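>>> Build me a model from this:
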Amino acid sequence: MSTTRQHPPGDRGPEPDGASSDPSSAPDVSDLRVRTLALGSASGIVPLARDFTRQALYDWGWLPAASADRRAAAEDVLLVVSELVTNACLHAEGPEELRVSSSTKVLRLEVTDRGTGQPAPRTPHRAGRPGGHGMFIVQRLCMDWGVMRIPGMPGKTVWAELAAPS
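Residues are numbered from 1 along each chain as shown. So this is what the prediction gives:
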């Protein structure tokens, strides 16, 4: 369930004033880049997921970063990957797959797991206590995040979207 908006995942919401709603003017889907990593039987899953994502960021031109803002954007992506995969390890019977996709405006992370729980930021958030910060961090760094489930199927996919650096 989305925590910040009612639009479907990947939908950027209403167009700004003067923007066309004509589908023929929509962004070219050929600019969408996708990487998928199976995690089910891997060891060292969190560093593996982070390294996999870092390589995608290099391949897609996010790294090496030309500015402090671009470097911070890449570090935010790697932190969110670490948090999502760690949460799947700790609370959801382990992650099955990491999917990283990028368009010109948005980078989307998806971690599929076998768990039935519902991730949520711990409230109230207590910054001075160890643990319990994962989804709070995701919520603070991302434009949006949520959970997708397929009826009748076990597990879920937790997704998060971050703005691509300009």
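
>>> so who does Val34 touch?
Counting by CB atoms under 8 Å, 6 or more residues apart in numbering, Val34 touches 99-102. The C-beta positions use only the backbone N, C-alpha and C, and glycine is treated the same way.

>>> of these, closest to Lys156?
Arg99 (13.3 Å; CB to CB).

>>> now the helices for this protein?
Assigned by DSSP state H, the chain shows helices spanning 45-59, 68-91, 134-141.

>>> weakest of these in terms of mean pLDDT?
Across these, helix 134-141 has the smallest mean pLDDT, namely a mean of 88.

>>> list the contacts for the closest residue to Leu78 other than its chain neighbours?
Counting by CB to CB, 6 or more residues apart in numbering, Arg50 is the residue found nearest to Leu78 once chain neighbours are left out, at 5.4 Å. Contact partners of Arg50, counting by CB under 8 Å, 6+ apart, are 78, 81-82, 85.

>>> Closest one to Gly152 out of the contacts of Val34, please.
With CB to CB as the yardstick, the closest approach to Gly152 among those comes from Arg99, at 21.1 Å.

>>> residue contacts, the closest residue to that closest one other than its chain neighbours?
Nearest residue to Arg99, sequence neighbours excluded (CB to CB, 6+ apart): Glu110, at 4.1 Å. Residues counted as contacts of Glu110 (CB under 8 Å, 6+ apart) are 97-101, 157-159.

>>> Buried subset of these as a PyMOL selection?
Those of those that count as buried under 16 or more other CB atoms under 10 Å are selected in PyMOL with:
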select buried, resi 97+98+100+101+157+158+159
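
>>> Read off the pLDDT value for Pro27.
Reported pLDDT for Pro27: 44.

>>> Over to the one 4 residues further on?
Here, the pLDDT recorded for Asp31 equals 80.

>>> next one: Pro154
87.

>>> Kindly report the same for Gln118.
Looking at Gln118, its pLDDT is 80.

>>> That one contacts Gly146, correct?
No: between Gln118 and Gly146 there is no contact, the gap being 10.5 Å when judged by CB atoms under 8 Å.

>>> just to revisit the earlier point, so which pair among the contacts of Glu110 is furthest apart in space?
Counting by CB to CB, the most remote pair of the contacts of Glu110 is Ser101 and Val158, 14.5 Å apart.
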